[in-house]
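Asks: missing the sequence, but the structure's below:
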């Protein structure tokens, strides 16, 4: 397995008396002993051991792999019974939390709140809610945050959300960025301080190992992630990725840029070429040719499923063996597929 190290040539530069020694990196003088002054994609650390607070990318595997699942609210009454079976089955794995999505097809946060209430009332699972800027105005989102806290939520995944086709930005009155939404959640949290005295809301955000579809470059993605961290994000969940190298490289670069929060790999079971290609389009990620080639070679749906699931298992093993301490599984509400994947990786 490749271990990513992005070291650059360093040249020590003498400093004025009383100042920290500096180094020249890419023509820029930066403090040698004060790495916090250059925590950004444009001026990263050169080595992980420069700053003792830096979390290592690779190392011994945790004794217990942290585990979480994504659930989708039911769209029809007939789906509710299936979800009860799904929730009960996932609870057997004692996940650290489950995230519940929101979308236009599930009446935005109506469906999210309903499923979270059901989870809170019938299980001991810890639900966190997806919250997107696209779901409403600032005032409407503030109301939803309060309602979701009432429903049992103790954490949020703050997202900008996908813009409709042909739309460059959200309407007036809407929050434009996930960072704006983080600020709003913190504001409501302070308002609800007495209710949350036993522990603050968990704040999670998204990150993009293969790059955000709207980003100009990878440095922009890292600087946005750093901004989310500064605003109080506790951890980040990655968008799906198809090759372990994408995730490991992203984590390494993030650590060198100053990201300290956990970067939890989001794993999507590759059950078919159709599923993979659709998710690639929805997420704005180009599916690697090696993935489509292997899935296209299948002579039957059963063989296609087996090839895809083994590729998913290989991907998951690779990130775990590199020292990653947790996984977030995009279940697509399919208990059998989720169980199959976890069995293949011995969880």
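Replies: Yep, it's here. In this text the structure is predicted, and so the values were computed from the model without any measurement. Numbering: from 1, shown residues only.
Asks: just the helices in the stretch 201-347 of the chain please.
Replies: 218-230, 244-257, 273-283, 289-296, 301-321, 335-344 (DSSP state H, counting those that start in this stretch).
Asks: Counting by contacts, list what the fifth one packs against.
Replies: Here helix 301-321 touches helix 244-257, strand 266-267, helix 273-283, helix 289-296, strand 326-330, helix 335-344, going by 3 or more C-beta pairs under 8 Å, 6 or more residues apart in numbering; DSSP states H and E. (Each C-beta comes from the backbone N, C-alpha and C, glycine too.)
Asks: I'd like to know which of the ones you listed is closest to residue 199.
Replies: strand 326-330 (19.4 Å; C-beta to C-beta).
Asks: Let me see the residues that make contact with the closest one.
Replies: 62, 65-70, 96, 99, 237-238, 240, 262, 264-269, 316, 319-320, 338, 341-342, 347 (C-beta atoms under 8 Å, 6 or more residues apart in numbering).
Asks: Show the buried residues in those.
Replies: 65-70, 96, 99, 237-238, 240, 262, 264-269, 316, 319-320, 338, 341-342 (16 or more other C-beta atoms under 10 Å).
Asks: about what we covered before: would JSON lines of the helices and strands packed on helix 301-321 with distance to residue 181 be doable?
Replies: Below are the helices and strands packed on helix 301-321 laid out as JSON lines (distance: least, C-beta to C-beta, whole Å):
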{"stretch": "helix 244-257", "distance to residue 181": "21"}
{"stretch": "strand 266-267", "distance to residue 181": "19"}
{"stretch": "helix 273-283", "distance to residue 181": "19"}
{"stretch": "helix 289-296", "distance to residue 181": "33"}
{"stretch": "strand 326-330", "distance to residue 181": "19"}
{"stretch": "helix 335-344", "distance to residue 181": "29"}
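Asks: worst average pLDDT in the ones you listed?
Replies: Mean pLDDT values for the helices and strands packed on helix 301-321 show the minimum at helix 273-283, a mean of 93.
Asks: Can you give me the buried ones in that one?
Replies: Here helix 273-283 shows 273, 275-276, 279-280, 283 as buried, counting by 16+ other C-beta under 10 Å.
Asks: before we move on, the earlier item: what's the closest of the helices and strands packed on helix 301-321 to residue 161?
Replies: Residue 161 lies closest to helix 273-283 among the helices and strands packed on helix 301-321, at 12.3 Å (C-beta to C-beta).
Asks: Residues touching the closest one, excluding its own?
Replies: 162, 213, 239-240, 242, 268, 270, 285-287, 291-292, 295-296, 298, 304, 308.
Asks: could you redo the last one with a cut-off of 10 Å?
Replies: Residues from elsewhere that reach helix 273-283 (C-beta atoms under 10 Å, 6 or more residues apart in numbering): 162, 208, 210, 212-213, 239-242, 268-270, 272, 285-288, 291-298, 304-305, 307-308, 311-312, 330, 332.
Asks: In ChimeraX, how would I select just the buried ones from those?
Replies: The ChimeraX selection below is limited to those of those classed as buried (16+ other C-beta under 10 Å):
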select :208,210,212,239,240,241,242,268,269,270,272,285,287,288,291,294,295,298,304,305,307,308,311,312,330
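Asks: residue ranges of the strands in this protein, please?
Replies: Per DSSP state E, the chain carries strands over the ranges 11-13, 22-25, 28-31, 66-71, 97-100, 127-132, 155-159, 202-207, 235-238, 263-264, 266-267, 326-330.
Asks: Check which helices and strands the fifth one sits against.
Replies: Helices and strands in packing contact with strand 97-100 are listed as strand 66-71, helix 78-91, helix 109-122, strand 127-132, strand 155-159, strand 202-207, strand 326-330; criterion 3 or more C-beta pairs under 10 Å, 6 or more residues apart in numbering; DSSP states H and E.
Asks: out of the ones you listed, which comes closest to residue 140?
Replies: Relative to residue 140, the nearest member of the helices and strands packed on strand 97-100 by C-beta to C-beta is helix 109-122, separated by 8.9 Å.
Asks: Show me what the mean pLDDT comes to for that closest one.
Replies: On average, helix 109-122 scores 89.
Asks: right, and the helices and strands packed on strand 97-100 - which one's nearest residue 147?
Replies: helix 109-122 (5.9 Å).
Asks: Give the buried residues for that closest one.
Replies: Under the neighbour-count criterion of 16+ other C-beta under 10 Å, helix 109-122 has 109, 111-120 buried.
Asks: how many degrees apart are that helix and strand 127-132 in direction?
Replies: Computed with axes from the mean of the first three to the mean of the last three C-alpha atoms, to 10 degrees, the direction of helix 109-122 lies at 170 degrees from that of strand 127-132.
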